[in-house]
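Peer 1: Next input, structure requested:
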Amino acid sequence: MDNKWYLRVGRATEIKNKSDRRLYRALEIMPGVLAWSTLVGLVLLSFFKPAWVAVFIILFDTYWFIKVLYLSFHLRSGYRRMKENLKINWWNRLKENSNWEDYWHLIILPMYKEPLEVVEPTFEALVNSKYDTQKMIVVLALEERGGDEAKKTAEFLRNKFGDKFFKFLVTVHPDNIAGELAGKGSNETWAGKRVKEEVIDPLRLPYEKIIVSVFDVDTSVWNQYFSLLTHKYIAHPNPQRASFQPVSIFTNNIWEAPALARVVSFSSTFWLTMQQERPERQVTFSSHSMSFKTLVEVGFWQSNIVSEDSRIFWQCYNFYNGNYETVSLYAPVYMDAAVDSTFWKSMKALYKQQRRWAWGTENLVYVLFAFIKNKELSLGKKLRHGFNLVEGYYSWATNALIIFLMGWLPVLLGGSAFNLTVLSYNLPRITRVIMTLAMVGLISSAVISMNLLPPKPPRYGRGKYIWMLLQWVLVPFTTIIFGSIPALEAQTRLMLGKYMGFWVTPKSRKG
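Peer 2: Below is the predicted model:
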């Protein structure tokens, strides 16, 4: 692993070699520079070259419209395949066609201060799985900084569910370990090493026969998740070179969530569903599963970063020199939308959640640096993945602002000479037609979102369904306020060296 030291880098300040540190720092600056150069450039050019900007806006909107159609196709296809999977009895299929008894499931649930009403359903879902729970090793990974209340919750869960699994382990991740960033990655790594030392190694369980899954502690698995996962794992020609990715559906508390949070949550689910159809671009996100043997070989999750969920894929990809992939499971796991005690607290929580996800731009820097250092990875793979990452984070920060705000700049700033041209007259009309056509795609989103809803709580009337449909008119607003702006902030912070820590999304459910 020493010859691949760059796979453990978290930020430029950790690198001792001056030239490597400067290179990494330049890569950290790049995403913010690209985004701000585009936005500021469009404003300035709207003054001096409004015709250029007008042509760019028309071409960009056309490209965006084509991309929306392309992604809409993937959304419908991914959703259809997930529905088909839900109809199959994977437990029976697994028992009939494999030696499933030889495999173990290690389930790690990192927890901070989540209340019992959020955590308990997670364990109930595990117990109710269509799978032998005596083949499960469950680890509830607490944070020392979570305090006594978290320990009381853990003790209650141990007493209620401890005998339901082969092993139930509670770990406590110490606070203030040198070189660590307090967050999910460091907690998961601590838990993984503890269960290795206390359970797996003493029992001499073969690492390659252990499938490790990490879930946020609010995650309720589909009852056949482990049956499908085991089937896919055994059927894979080389499961030690693959991660297995479900679709996160943020509907546990969706009826209590404000409309803005619902739209953002469903939009996230739809994006993850689309990615299931694009395995060449898919990386691990939030809930994911992989071989324990692989996890040990790459040194567990990084403890010095925020976005460890996708980083583990890139660690493996570079460690194995491109011989690693993400397998789409087309299976749901159910999670919480960002909901706090009041509307404005929920909006703040939602923004911070999206900013934390957008901080994944640290992985763009990490990957580009690793590609430069890794001489064994093919140039074609470096170029393909590098371009996809740069384009993805760049689009995240700029697209919504260009589409919904800057399309009018040439008309507003171009001056009287430009406003007398045919191009000036047609620009808003062309833009309006393209946007209207693109918004038709929201119908598919609205229909699918209604099908993903859990049963309506009795306290809500039927009129709530109407609001669930009408909420999709908020998309232009949500893509700017909870899309581009938090992404732009994250990239600006990275550009300025104002590194972010891990922020835990509050979880709240009403009885």
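Peer 1: Report the separation between the closest residue to Met500 other than its chain neighbours and Val473.
Peer 2: Excluding the flanking residues, the one nearest Met500 by CB to CB, 6 or more residues apart in numbering is Trp359, at 5.1 Å. (C-beta placed from N, C-alpha, C; glycine too.) According to CB to CB, to the nearest Å, Trp359 and Val473 sit 29 Å apart.
Peer 1: In three-state terms, label Tyr330 for me.
Peer 2: strand (DSSP: H, G, I helix; E, B strand; the rest coil).
Peer 1: Hmm, it is touching Arg80, no?
Peer 2: No. The criterion here is CB atoms under 8 Å, and Tyr330 misses it with Arg80 at 9.3 Å.
Peer 1: For the two, indicate the residue with more neighbours.
Peer 2: Tyr330 (22 against 12; other CB atoms under 10 Å).
Peer 1: OK, contacts around the more buried one?
Peer 2: Applying CB atoms under 8 Å, 6 or more residues apart in numbering, we find Tyr330 in contact with Gly78, Arg81, Met82, Glu84, Asn85, Val247, Gln276.
Peer 1: switch the cut-off to 6 Å
Peer 2: Tyr330 makes contacts with Arg81, Met82, Asn85, Gln276, as judged by CB atoms under 6 Å, 6 or more residues apart in numbering.
Peer 1: Please identify the helix or strand for the residue lying closest to Thr273 once chain neighbours are set aside.
Peer 2: Once flanking residues are discounted, Thr273 sits nearest to Gly78: 4.1 Å by CB to CB, 6+ apart. In this assignment (DSSP states H and E), Gly78 forms part of helix 50-87.
Peer 1: any residues touching the helix or strand following that helix, and which ones?
Peer 2: From helix 50-87 onward toward the C-terminus, using DSSP H and E, the following helix or strand is helix 90-97. The contact list for helix 90-97 (CB under 6 Å, 6+ apart) reads Trp100, Lys130, Gln224, Ser227, Leu228, Thr230, His231.
Peer 1: Report the mean per-residue pLDDT for helix 90-97.
Peer 2: For helix 90-97, mean pLDDT rounds to 92.
Peer 1: Restrict that helix to CA atoms and write it as CSV.
Peer 2: Extracted C-alpha coordinates of helix 90-97, given in CSV (Å, rounded to 0.1, in the frame of the first residue of the first chain):
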residue,chain,number,x,y,z
TRP,A,90,-35.4,-13.8,-4.3
TRP,A,91,-35.3,-15.8,-1.1
ASN,A,92,-36.7,-18.9,-2.9
ARG,A,93,-34.5,-18.3,-5.9
LEU,A,94,-31.5,-18.0,-3.7
LYS,A,95,-32.2,-21.2,-1.8
GLU,A,96,-32.8,-23.1,-5.0
ASN,A,97,-29.7,-22.0,-6.9
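Peer 1: what's the spacing between the next helix or strand after it and its chain's center?
Peer 2: Sequence order places strand 104-110 as the next helix or strand after helix 90-97, per DSSP H and E. Put simply, strand 104-110 sits 19 Å off its chain's centre (CA atoms, centre = their mean, to the nearest Å).
Peer 1: Partner strands of strand 104-110 and their direction?
Peer 2: strand 136-143 (parallel), strand 210-214 (parallel) (DSSP bridges).
Peer 1: how about it as CSV, C-alpha atoms only?
Peer 2: The C-alpha coordinates for strand 104-110 follow below in CSV (Å, rounded to 0.1, in the frame of the first residue of the first chain):
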residue,chain,number,x,y,z
TRP,A,104,-22.3,-14.0,6.1
HIS,A,105,-23.7,-10.5,6.2
LEU,A,106,-21.9,-7.8,8.2
ILE,A,107,-24.2,-4.8,8.7
ILE,A,108,-22.7,-1.6,10.0
LEU,A,109,-25.1,1.2,11.2
PRO,A,110,-23.2,4.4,12.2
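Peer 1: list the buried ones in the next helix or strand along the chain from it?
Peer 2: On the C-terminal side of strand 104-110, the nearest following helix or strand under DSSP H and E is helix 116-127. By neighbour count on 16 or more other CB atoms under 10 Å, the buried set for helix 116-127 is Val118, Val119, Pro121, Thr122, Phe123, Ala125, Leu126.
Peer 1: Enumerate every residue touching the second one.
Peer 2: When you say that, I think you mean Val119. Contacts of Val119 (CB under 6 Å, 6+ apart): Val217.
Peer 1: and if we set it to 8 Å?
Peer 2: Counting by CB under 8 Å, 6+ apart, Val119 has contacts Leu109, Met111, Thr153, Leu157, Val217, Asp218.
Peer 1: Leu74 is in contact with Glu277, isn't it?
Peer 2: Careful, residue 74 is His and not Leu. Yes. Under the criterion of CB under 8 Å, His74 makes contact with Glu277 at 4.1 Å.
Peer 1: ok, His385 to Tyr317 distance?
Peer 2: Distance from His385 to Tyr317, by CB to CB: 8 Å.
Peer 1: neighbours of Val367, just the number please.
Peer 2: 25.
Peer 1: More neighbours: which of His385 and Tyr317?
Peer 2: Tyr317 (26 against 20).
Peer 1: and the more buried one, what element?
Peer 2: Secondary structure (DSSP H and E) places Tyr317 in helix 308-319.
Peer 1: I'd say Ser291 and Phe244 touch.
Peer 2: No. Ser291 lies out of contact with Phe244 (CB under 8 Å); the separation is 9.5 Å.
Peer 1: Need the overlap of contacts for the two.
Peer 2: Ile211, Tyr233.
Peer 1: ok, back up a step: for Asn419, state which of the contacts of helix 90-97 is nearest.
Peer 2: When these are compared for distance to Asn419 (CB to CB), Leu228 wins out at 59.0 Å.
Peer 1: On the three-state scheme, the closest one is what?
Peer 2: Applying three-state DSSP: Leu228 is helix.
Peer 1: Excluding chain neighbours, what is closest to it?
Peer 2: Trp90 is the one closest to Leu228 (CB to CB, 6+ apart), at 4.4 Å.
Peer 1: returning to what we had before: give me the more crowded residue out of Trp359 and Val473.
Peer 2: Remark: of Trp359 and Val473, Trp359 carries more neighbours, 24 against 13, as counted by other CB under 10 Å.
Peer 1: Tell me how far the more buried one lies from Val217.
Peer 2: For Trp359, the distance to Val217 - CB to CB - is 20 Å.
Peer 1: How about Leu229?
Peer 2: 19 Å.
Peer 1: for the stretch 251-400 of the chain, which spans come out with low pLDDT?
Peer 2: Judged against pLDDT under 70, the stretch 251-400 of the chain has no low-scoring part.
Peer 1: quick one, strands of it?
Peer 2: 288-291, 325-334 (DSSP state E, counting those that start in this stretch).
Peer 1: and the last one, which strands flank it?
Peer 2: Think strand 325-334. Partners of strand 325-334 in its sheet, by DSSP bridges: strand 220-221 (antiparallel), strand 242-249 (parallel).
Peer 1: Output that strand as PDB, nothing but the C-alphas.
Peer 2: Provided in PDB are the C-alpha atoms of strand 325-334 (Å, rounded to 0.1, in the frame of the first residue of the first chain):
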ATOM      1  CA  GLU A 325     -17.200  -1.800 -10.800                       C
ATOM      2  CA  THR A 326     -20.500  -0.900  -9.200                       C
ATOM      3  CA  VAL A 327     -23.300  -3.400  -9.700                       C
ATOM      4  CA  SER A 328     -26.800  -2.000  -9.900                       C
ATOM      5  CA  LEU A 329     -29.200  -3.900  -7.600                       C
ATOM      6  CA  TYR A 330     -32.400  -2.200  -8.700                       C
ATOM      7  CA  ALA A 331     -33.600  -2.700  -5.100                       C
ATOM      8  CA  PRO A 332     -34.900   0.000  -2.700                       C
ATOM      9  CA  VAL A 333     -33.700   1.000   0.700                       C
ATOM     10  CA  TYR A 334     -35.900   3.500   2.500                       C
END
